[in-house]
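[1] Kindly generate the corresponding structure for this input.
(one chain, ligands or ions: 2)
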Amino acid sequence: MFSLDSKIKDVLNNPVGYDLFFSLLNEMQIANYYDTIFNPVVQQLKLKSLVRIPSIDHTILETLCLKMNHYSNEKLEAATGKVNKIWWKEAIVYQIYPRSFKDSNGDGIGDLKGIIQKLDYIKDLGVDVIWLSPIYDSPNDDNGYDIRNYKKILSEFGTMDEFDYLLNLVHEKGLKLIMDLVINHTSDEHQWFKLSRLNDETYQDYYIWRDKPNNWKSMFGGSAWKYDESREAYYLHIFSQKQPDLNWDNPDLRKEIYEMVNWWLDKGIDGFRLDVINFLSKEDNYPNGNEALGKMTDLTGVEHYMYGPRIHEYLQELNENTFGKYDVMTVGECPGIGLELSKFFTHQDRNELNMVFNFDHLYSNGRDKWLQKDYDIEFLKNSMFKYQNTSSPYWQTIFINNHDTPRMLGKLLRNNKHQAALAKMLCIMNLSIRGTPFIYQGQEIGMSNPEFKHISQFRDIETLNKYKELKEEGKSEDEIICILNHGSRDNARLPFSWSTKRNAGFSTHTPWIKNSDDYLEINVEKQLLDNDSVLNFYKRMINFRKEHPILIYGKTVPVKSNVKGMMSYERQLGKEQYLIVINLEEKTKDINLSMKNYEMLISSYKVSNVLYKPYEARIYRLVNK
Ligand code: GLC
Ligand code: CA
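    Residues are numbered from 1 along each chain as shown. Ligands and ions are numbered 1, 2, ... in the order given. Just a heads-up that it's a prediction; the model follows:
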């Protein structure tokens, strides 16, 4: 049993302890305590000695112990280092945010026909799998992550016939397609919720109803509970008020979900990206969240559903009843889950998920997404290296962008002159380290973040709620817009820049959200004509990865990882050895690594000399002596 008298060493040996502990450090913006924590003297300290750190109090540590005591018995078989070959480890995934990809009918909103029109573009890129963010029928409170009908396509996007046509075409071209699966919650306009609200006999327990709310906070601000007049009770919504959480403790609900999942699998889709899948199981009786932790995270209660008591039971059951029977890939979105707990979700013998997304690398200035102004590239490097520690029998995802976070390129860029160089460097990093690479639309042409000047330019519900909250705190308009620019998910949701035409060639109509500021310079049309463009570099690098399986299956060994301003790692497979060297800085410089016996295979610059140019990245091969 863990208590405040437990030693730090023992806490770190427990997977829950390890992950929560590092979450805490990251939350407090003391990620650089990593090394200190593994110091042998510190390891002998008792947990309670940590109360000397401001903002950690004994209640937080007691919560930590409680969580560890719940799960401390599970053991995983040790890593063997052996890697099974399987297609989804070799695949490169391309994420489409349908609303912003391509509008075919001039209403300013991307759609399925638009994706169909651009399928050859995707095929030419060389990627293997397309992941579609939600396209289901939805009132769009959270851009489709609030589903009204799982078996219908959002009418703005098209029809089920068009979807079937798209799927067919994708397969004809030798590509695969995975869908977003949002089963932690539905829309409040879903038929199940409408009936649940009326206390219907069948549906009354499909959602989470209580007579009194607890202190849990919603991810999108405010209480996580909303009073419903018709049922005269409160329902839980971890996200927006229009996204009530489903009650996974109800076996009837689970069965109905499995039926729906199988319905999609029987259509022939190739897998799922599972939305906030680690939130499914909530702590029994919905206890209040720890206040101190709530203050720190702004998410009171998160400890009671981020890794709930029956999460693995539910995932195993889901797997067994649905995708486990098909040759498909699954990737779980797992906010808050660290590297140790990830193993429990992805161990090949546990039959849960193939891979998960961890988010540790996205926030270098603590966990607060609104405070990521000067994102630190060293943090990205260290996070990538940490991900490499969880190799076989587990498998990683490698991504730097998605629809929920400002683009990494924009977070790192200090001088626009180097935008293309930085984009190519991130391409090499994304595609040469171990793990299945995910590329988010627009990343392959080096799209960056825009400047939002006025609140009327934002669309995202999380951003709009944050605006209200900051207003209430008394912040000035300018200050607020600045904060929103740094954290808003809208950064990544702008229309895809296809050409120099009006609205970036995305639509003939004013788009649903503003265009990129720089689409006249940065767009597909221009880059296709330029052999040295970011787009053509992506194509070369994607191809390069395919032709060199060592980049897929090879072991990663960091080189001189303590030296700042550079990132270097070996990949090793059998007798083969590659060396990747990256200049993380915006200046030309000497990187002191001996290149004896190495030949250069690819560089992010047309011409490479002894000195590394700004953000230059190269891949070398060890030549047989
Ligand atoms: C995931 C999605 C995000 C959405 C949330 C609620 O984090 O990626 O866009 O708002 O889940 O469904
Ligand atoms: Ca349209």
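[2] Could you pull out the strands in the stretch 301-450 of the chain for me?
    Ranges of strands within the stretch 301-450 of the chain are 329-333, 355-357, 397-398, 436-440, based on DSSP state E, counting those that start in this stretch.
[3] swap in the stretch 501-625 of the chain?
    Along the stretch 501-625 of the chain, the stretches classed as strands by DSSP E, counting those that start in this stretch are 555-559, 566-573, 576-583, 598-603, 617-622.
[4] ditto for the stretch 1-150 of the chain
    93-96, 129-132, 136-137, 149-153.
[5] Any chance of those in a markdown table with mean neighbour count as columns?
    The C-beta positions use only the backbone N, C-alpha and C, and glycine is treated the same way. Converted to a markdown table, the strands of the stretch 1-150 of the chain look like this (neighbours: other CB atoms under 10 Å):
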| stretch | mean neighbour count |
| --- | --- |
| strand 93-96 | 23 |
| strand 129-132 | 23 |
| strand 136-137 | 22 |
| strand 149-153 | 16 |
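[6] Among the ones you listed, which comes closest to ligand 1?
    Shortest separation from ligand 1 across the strands of the stretch 1-150 of the chain is recorded for strand 93-96, at 10.3 Å, computed as CB to the nearest ligand atom.
[7] Which elements pack onto that closest one?
    Packing contacts for strand 93-96, counted by 3 or more CB pairs under 8 Å, 6 or more residues apart in numbering; DSSP states H and E, involve strand 129-132, strand 436-440.
[8] coming back round to it: and the strands of the stretch 301-450 of the chain as CSV, adding distance to ligand 2 and mean pLDDT?
    Below are the strands of the stretch 301-450 of the chain laid out as CSV (distance: least, CB to the ion, whole Å; pLDDT from 0 to 100):
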stretch, distance to ligand 2, mean pLDDT
strand 329-333, 26, 98
strand 355-357, 28, 96
strand 397-398, 30, 96
strand 436-440, 21, 98
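[9] can you list the residues of the protein near ligand 2?
    Contact residues (CB under 5 Å from the ion) of the chain with ligand 2: 103, 105, 107, 109, 111.
[10] correct me, but the second one touches residue 117?
    This means residue 105. No: Residue 105 lies out of contact with residue 117 (CB atoms under 8 Å); the separation is 10.9 Å.
[11] sorry, back to before: can you tell me which of the strands of the stretch 501-625 of the chain is nearest to residue 337?
    strand 555-559 (21.3 Å; CB to CB).
[12] Which residues does that closest one contact?
    With contacts defined as CB atoms under 8 Å, 6 or more residues apart in numbering, strand 555-559 is touched by 81, 385, 388, 391, 433-434, 568-573, 579, 593.
[13] how far is that strand from where the chain is centred?
    Chain-centre distance of strand 555-559: 24 Å, with CA atoms, centre = their mean, to the nearest Å.
[14] Only alpha carbons, please: show that strand as CSV.
    The C-alpha trace of strand 555-559 is given here as CSV (Å, rounded to 0.1, in the frame of the first residue of the first chain):
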residue,chain,number,x,y,z
LYS,A,555,16.0,0.6,-32.8
THR,A,556,16.6,4.3,-31.9
VAL,A,557,19.7,5.3,-29.9
PRO,A,558,20.0,9.0,-29.0
VAL,A,559,23.4,10.5,-29.6
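[15] List the buried residues of it.
    Buried residues in strand 555-559, counted by 16 or more other CB atoms under 10 Å: 555, 556, 558.
[16] Stretch 511-524 now?
    Quick answer for stretch 511-524 (16+ other CB under 10 Å): 511, 512, 513, 514, 515, 516, 518, 519, 522, 523, 524.
[17] same deal with stretch 265-276?
    Residues 265, 269, 270, 271, 272, 273, 274, 275, 276 are the ones in stretch 265-276 that count as buried (16+ other CB under 10 Å).
[18] is it up against ligand 1 anywhere?
    Yes: remark: stretch 265-276 sits within contact range of ligand 1 at 275, 276, by CB under 6 Å from any ligand atom.
[19] can you tell me the average pLDDT over that stretch?
    Across stretch 265-276, the average pLDDT comes to 98.
[20] Can you select the buried ones among the residues of the chain next to ligand 2 for me in PyMOL?
    The PyMOL command for the buried members of these (criterion: 16+ other CB under 10 Å) is given here:
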select buried, resi 103+109+111
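[21] Grab the longest helix from the protein for me.
    Using DSSP state H, we find that the single longest helix of the chain is helix 251-267.
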